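Visitor: have a look at this prediction, sequence included:
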Amino acid sequence: MIEIHLLMLLITVIIGLIFSYLAIIEKDSLKAIGFSAVHAIAYAIAFYILMAPDIVLAYVAVAVGIYSALLIFVVSKTERYEVV
C-alpha cells in the first residue's frame, strides 16, 4: 500500500503541473499570474512534504510574494490581454 505522504506528494505535484500548463496557455495575463501563484503554492506544499522547511520559506516569499507582485506591476504598465 502506498504511504499517505507519497500520495499527498503526487497530488501536489500533479496540481502544480496542471496550473503550470494553465498559466502557459492562458491569454489573460492576470489569470496567468494567478495560475503561476497557485503553481508555486503547490510546489511549496510538495517541498514541505519532503521536509525541507528552509526551501519552503524562501520559495513562498520569492515565488508567491515578490514574483507575483512584480508581474502584476509589469502587467499594469502594459496590456492585459495577449494579442493574437
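Guide: Sure, I can see it.
Visitor: state the next helix or strand along the chain beyond the helix or strand harbouring Gly34.
Guide: Take DSSP states H and E as the rule and Gly34 turns out to sit in helix 29-49. Moving toward the C-terminus from helix 29-49, the next helix or strand (DSSP H and E) is helix 53-59.
Visitor: convert the C-alpha atoms of that following helix to PDB, please.
Guide: C-alpha atoms of helix 53-59 as PDB (Å, rounded to 0.1, in the frame of the first residue of the first chain):
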ATOM      1  CA  PRO A  53      11.200  23.900   5.600                       C
ATOM      2  CA  ASP A  54      14.000  26.300   4.700                       C
ATOM      3  CA  ILE A  55      13.300  25.900   1.000                       C
ATOM      4  CA  VAL A  56       9.600  26.400   1.600                       C
ATOM      5  CA  LEU A  57      10.100  29.700   3.400                       C
ATOM      6  CA  ALA A  58      12.400  31.000   0.700                       C
ATOM      7  CA  TYR A  59      10.200  29.700  -2.200                       C
END
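Visitor: so what angle separates the directions of the helix or strand following that helix and helix 29-49?
Guide: Remark: after helix 53-59, the chain's next helix or strand is helix 67-77, criterion DSSP H and E. Per axes from the mean of the first three to the mean of the last three C-alpha atoms, to 10 degrees, the angle that helix 67-77 makes with helix 29-49 is 180 degrees.
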